[in-house]
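Novice: Attaching a predicted model along with its sequence, questions to come.
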Amino acid sequence: MDPKDKDWKQEQDRVGRVKEVITAKQEKFEGSTSNLKEDIIDLRKKFWDDVTVNIDEPDDVIETYASIKQQAELLSERERSHGQYFKSAKLLERMQSSPYFGRFDFAEEDSSTESFYIGIASLMDEKEEEFLVYDWRAPVSSLYYDYSPGPVQYQTPEDNIEGEMTLKRQYIIQNGVIQGMFNTGITIGDTLLQKVLGGQATSQMKSIVATIQKEQNSIIRNENSRLLIVQGVAGSGKTSVAMQRIAYLLYQHRKQITADQILLFSPNQMFSSYVASVLPELGEENMQQSTYYEYVQKRLDQEYTLESPFQQVEEALTSRRKDASHLFEEMVRFKSSIEFKQLLDEYIDSLAKEGFIFRNIKFRKKIKITAKEIYNYFYQLNDQMSIPNRLELVKEWILKKLKDIESEEIEKDWPEEAAALLDKDDYMSAYQKLEQKQNLHEETFNDSIQEEQFLRSLVVKRKLAPLRKQVKQFRFMNIRKMYKQLFDQNPASLKLPEHWAFFAEKTLENLAAYYLPVEDQTAYLYLTDRLEGKKMNTDIRYVFIDEAQDYSAFQYSYIKEMFPSAHFTLLGDVHQSIFNHNEEYSTVLAEGWHQGQAVKQELLRSYRSTEPIVEFTKMLLEDGKKIEAFNRDGECPQIYHSDSADAQLDMIEKVARHRLSQGFETVAILCQTIDECRAVHSYLKEDLHAGLIYKETQPFQTGLVILPVYLAKGIEFESVLVYNASSDIYYKNEDRLMLYTACTRAMHVLDVFYQNEPSPFIERVPENKYEKKTAVQL
Ligand SMILES: Nc1ncnc2c1ncn2[C@@H]1O[C@H](COP(=O)(O)OP(=O)(O)OP(=O)(O)O)[C@@H](O)[C@H]1O
């Protein structure tokens, strides 16, 4: 449609009217926020003036407490409202520039036609009577995403509404001016989607709210399933859908849940920062975000050197190149499986009868309670009780013993000596405490004997405090030795897998060095939790797992138990598994977790890459035929042959330079290993300013970057150069998936380089799907 059109003028006039309403609301808002701000400042300043502090009598203390609490609640209520106002003000600001992105005309049966305008938030008219804009998440808005003109229906909480859609229209509005307007047919504006997808990549993921596709909408709005599993091909919008779904849930259940009750497991920290701006852009707060590895680190980092998942891949790739034993792979596979979890369960059952390992309890270098004593106490408890319950009793028993130890120690010489060494501040605060105590007991004289006793007791209590804390944290049991015992004693009662001797040897070596590889981490946590009693998180209501194909079956089972009150959304792609867990993800896909409650959805259309790139990448897979490309034109992938390492590097340099000169803002050279990345990096001339990314903690950056494929997961680049896609590098099935992952990171252009022979996976791609080159002619 063009600006001379009559409709265009009418629409622009409407945008103008809506903007006026927004301006009026903004002014009203400013008034209320500044009042609120003043209120808050005032409240903070006068906090203590309005609180009655009196601690003379117990009743006064209670009153004082109530008064402080009331004042604090008032303050936090004002602060909350201010936060809410601030968020709404930001949304209004955004809507000033672009109040809505879509419209449809709809007539309910036997009623007249009404126009519905859809935007990032709802907007009422001046009288607060009619909707000028509907929030994209409102029930009626689903019509916009699900239907083209014709008969339609949608679901409200109460009813199913049917009717006729007579028009569907999309807008690009910038700074309050309509830049583009399209009437759309079957899918939501190919034209708009073309424009969006043809744009530049940034270091932050964008929201797709204006162009959500029908198949994506059904995932975003899925309400009923306890477990929603999405299998979506590369670039099909899984991450985008996850973010939109979170925004939808926050809107739909705004009275019941808050953003901190939603947790997203993301593949790495770089990815976490990549998606961090999507929700704020939609006026919502960010959910909690963590990588699984961060969770493991929080719990085990102090005791062990932990292998990161990326070190695990790197290790696997490097040892494979050295042709190291396939037994390593076998071990990782076994330890990631449910069979290992079952083996641990059997082992834990056996510990209920014998074999538990405790630590001696020492105080001032002397053993006060021996491990044997604790052992005897533990096993004389009723064996019908669970292990955690018995340990709870053991803990109480030890704490009681520590009380006796405290009394004995107070009478010894050392506390007196230590008391003499207390520094002035400590001494003064002890003295004040004592005085307070004396006052409370209405004793008016200063008793020096009592003072000395008080100081002794203070010193002993302080010295015992860390030990008490450790006991409360169950540190009196030796998990490490019990994990070790499983491997070095091979308990006869357990059914051990083939190659166990090899697994045991390697595990014992690692434990001796206080090194915990990825495949042992979940097992170790599981053992700890089963013994101590599970650390469940019942606050979290929704768990999202992105790159779900990279989690092992054992991890799934563990995560599921960790969040018993949560609904789960898993988003993954079996074709992008580079941690070798794709079999398990296939099992999760096939069986689900919660029998009968799992819903599976497939996304087959790829939006990220141009059609020629998708047509090429799908042929890399054995079963990629059903992947559909979105019709976006572009250059054919270029495949460069070279006959030496230097020639290849030389070509890479030239092509990277060319891609940058074409104006691409994000250009990535993807390699299999970090060593390769380093080699490429040191070859490139300095004026290219290539960034080397070798750690997952580095932030996403624009310009030219070199990184291993496994760190590029979930992320996209306008231009991708794949280094060394040669027959000796990408040849096994896992390599096929890695090559597919690498090539599917490209949005607009893809260049693949190899030396001597190309990977067999490239060879099977029909030659009309790419352009073969032996030299760089630009
Ligand atoms: N409906 C849509 N409208 C506009 N852009 C979309 C839409 N769906 C997906 N995209 C875009 O396609 C690209 C890929 O999306 P996203 O990263 O969410 O896919 P993915 O399935 O998670 O990919 P991968 O598994 O390959 O990491 C992004 O640039 C995203 O903005």
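Specialist: Yep, that arrived.
Novice: so which strand or helix has Leu508?
Specialist: Using DSSP states H and E, Leu508 maps to helix 500-512.
Novice: To clarify, my last question referred to Asp345.
Specialist: helix 338-351.
Novice: Around the ligand, which positions in this structure sit nearby?
Specialist: 193, 196-197, 206, 208, 211-213, 216, 232, 234-240, 573, 576, 607-608, 714, 716, 744 (Cβ under 6 Å from any ligand atom). C-beta here means a position set from N, CA and C on the backbone, and glycine is covered the same way.
Novice: Please pick the buried ones from those residues.
Specialist: The neighbour-count test (16 or more other Cβ atoms under 10 Å) marks 193, 197, 208, 211-213, 216, 232, 234-240, 573, 576, 607-608, 714, 716, 744 as buried among these.
Novice: Out of the residues of the chain next to the ligand, which sit inside strands?
Specialist: Among these, the ones falling in strands (DSSP state E) are Gly232.
Novice: Helix 338-351 and the helix holding Leu508, what's the angle between them?
Specialist: With axes from the mean of the first three to the mean of the last three Cα atoms, to 10 degrees defining the directions, helix 500-512 sits at 70 degrees from helix 338-351.
Novice: What helices and strands are in contact with helix 500-512?
Specialist: The contact analysis (3 or more Cβ pairs under 8 Å, 6 or more residues apart in numbering; DSSP states H and E) places helix 500-512 against helix 326-335, helix 479-488.
Novice: A strand includes Ser319, no?
Specialist: No. Using DSSP: H, G, I helix; E, B strand; the rest coil, the assignment for Ser319 is helix, not a strand.
Novice: still on that earlier bit, quick one: residues in contact with the helix holding Asp345.
Specialist: Helix 338-351 is contacted by residues 334, 387, 482, 486, 491, 493-497, 523, 526-527, 530-531, 553-554, 557-558 when judged by Cβ atoms under 8 Å, 6 or more residues apart in numbering.
Novice: Would you tell me what the next helix or strand after the least confident helix or strand in the chain by mean pLDDT is?
Specialist: Sorting the helices and strands of the chain by mean pLDDT, DSSP states H and E puts helix 582-591 at the bottom, at a mean of 57. Note on helix 582-591: by DSSP H and E, the next helix or strand toward the C-terminus is strand 598-603.
Novice: so what does that next one touch, helix or strand wise?
Specialist: Contacting strand 598-603 under the criterion 3+ Cβ pairs under 8 Å, 6+ apart are the following elements: helix 214-220, strand 227-232.
Novice: still on that earlier bit, out of the helices and strands packed on helix 500-512, which gets the lowest mean score?
Specialist: Lowest mean pLDDT of the helices and strands packed on helix 500-512: helix 326-335, a mean of 86.
Novice: Can you mark which positions in it are buried?
Specialist: 328, 331-335.
Novice: did I read that right, Glu285 in a strand?
Specialist: No. Assessed by three-state DSSP, Glu285 does not belong to a strand; its assignment is coil.
Novice: List the contacts of it.
Specialist: 87, 250, 258-260, 279.
Novice: Helix or strand next in line after the longest strand seen in the chain, which one?
Specialist: When the chain is parsed with DSSP E, its longest strand is strand 160-174. For strand 160-174, the following helix or strand on the C-terminal side (DSSP H and E) is strand 177-183.
Novice: partners of that following strand in the sheet?
Specialist: Partners of strand 177-183 in the sheet, by DSSP bridges, are strand 160-174 (antiparallel).
Novice: buried ones in the strand it pairs with?
Specialist: Neighbour-count burial for strand 160-174 flags 161, 163, 165, 168-173 (criterion: 16+ other Cβ under 10 Å).
Novice: now swap in stretch 17-34 and tell me
Specialist: Buried residues in stretch 17-34 (16+ other Cβ under 10 Å): 18-19, 21-22, 25-26, 33.
Novice: Inside strands: which ones of those residues?
Specialist: Counting by DSSP E, the buried residues of stretch 17-34 contribute nothing to strands.
Novice: Out of those, which two are the most distant from each other?
Specialist: Using Cβ to Cβ, these reach their maximum pairwise distance at Val18 and Thr33, which is 21.7 Å.
Novice: and the helix holding Asp345 with helix 326-335, angle?
Specialist: Angle of helix 338-351 versus helix 326-335, following the same axes, to 10 degrees, is 70 degrees.
Novice: which SS state does Lys28 fall under?
Specialist: Assignment for Lys28 (three-state DSSP): helix.
Novice: quick one: contacts of stretch 672-692?
Specialist: 314, 317-318, 649, 652-653, 656-657, 660, 669, 671, 693-694, 701, 703-709, 723-724, 729-730, 735, 738.
Novice: run the last query once more with 6 Å
Specialist: If you take Cβ atoms under 6 Å, 6 or more residues apart in numbering as the criterion, stretch 672-692 is touched by 317, 649, 653, 669, 671, 694, 701, 704-706, 708, 723, 729.
Novice: Alpha carbons only: can I get that stretch in PDB?
Specialist: Output of stretch 672-692 as PDB, limited to C-alpha atoms (Å, rounded to 0.1, in the frame of the first residue of the first chain):
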ATOM      1  CA  GLN A 672      35.900 -27.100  15.900                       C
ATOM      2  CA  THR A 673      38.400 -26.500  18.700                       C
ATOM      3  CA  ILE A 674      40.000 -23.700  20.600                       C
ATOM      4  CA  ASP A 675      43.400 -24.600  19.200                       C
ATOM      5  CA  GLU A 676      42.100 -24.000  15.700                       C
ATOM      6  CA  CYS A 677      40.600 -20.700  16.800                       C
ATOM      7  CA  ARG A 678      44.000 -19.600  18.100                       C
ATOM      8  CA  ALA A 679      45.700 -20.600  14.900                       C
ATOM      9  CA  VAL A 680      43.300 -18.600  12.800                       C
ATOM     10  CA  HIS A 681      43.500 -15.700  15.200                       C
ATOM     11  CA  SER A 682      47.200 -15.500  15.100                       C
ATOM     12  CA  TYR A 683      47.200 -15.700  11.300                       C
ATOM     13  CA  LEU A 684      44.800 -12.800  10.700                       C
ATOM     14  CA  LYS A 685      46.300  -9.300  10.300                       C
ATOM     15  CA  GLU A 686      45.800  -7.000  13.200                       C
ATOM     16  CA  ASP A 687      43.900  -4.400  11.200                       C
ATOM     17  CA  LEU A 688      41.000  -6.900  11.100                       C
ATOM     18  CA  HIS A 689      40.500  -6.500  14.900                       C
ATOM     19  CA  ALA A 690      39.300 -10.000  15.200                       C
ATOM     20  CA  GLY A 691      38.100 -11.000  18.600                       C
ATOM     21  CA  LEU A 692      38.900 -14.400  19.900                       C
END
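Novice: can you pull the buried residues of it?
Specialist: The neighbour-count criterion (16+ other Cβ under 10 Å) identifies 672-674, 676-677, 679-681, 684, 690, 692 as the buried residues of stretch 672-692.
Novice: now stretch 603-613
Specialist: Neighbour count says stretch 603-613 has 603, 605-610, 612-613 buried, by 16+ other Cβ under 10 Å.
Novice: my read is Asn382 is in a helix, agree?
Specialist: No. Using three-state DSSP, the assignment for Asn382 is coil, not a helix.
Novice: Next, work out how far apart the closest residue to it other than its chain neighbours and Lys472 are.
Specialist: In space, Asn382 comes closest to Arg390 once its chain neighbours are excluded; the distance is 8.0 Å by Cβ to Cβ, 6 or more residues apart in numbering. Between Arg390 and Lys472 the computed distance is 16 Å (Cβ to Cβ, to the nearest Å).
Novice: Would you check which pair of the buried residues of stretch 603-613 lies furthest apart?
Specialist: Top of the distance list for the buried residues of stretch 603-613 (Cβ to Cβ): Leu603 and Pro612, 20.5 Å.
Novice: Off-centre distance for stretch 216-229?
Specialist: Stretch 216-229 sits 18 Å away from the centroid of its parent chain (Cα atoms, centre = their mean, to the nearest Å).
Novice: And the strands in the stretch 51-200 of the chain, which stretches?
Specialist: Counting by DSSP state E, counting those that start in this stretch, the stretch 51-200 of the chain has strands at residues 102-108, 114-119, 123-124, 131-135, 150-155, 160-174, 177-183.
Novice: The first one pairs with which strands, parallel or anti?
Specialist: What it means is strand 102-108. strand 114-119 (antiparallel), strand 160-174 (antiparallel).
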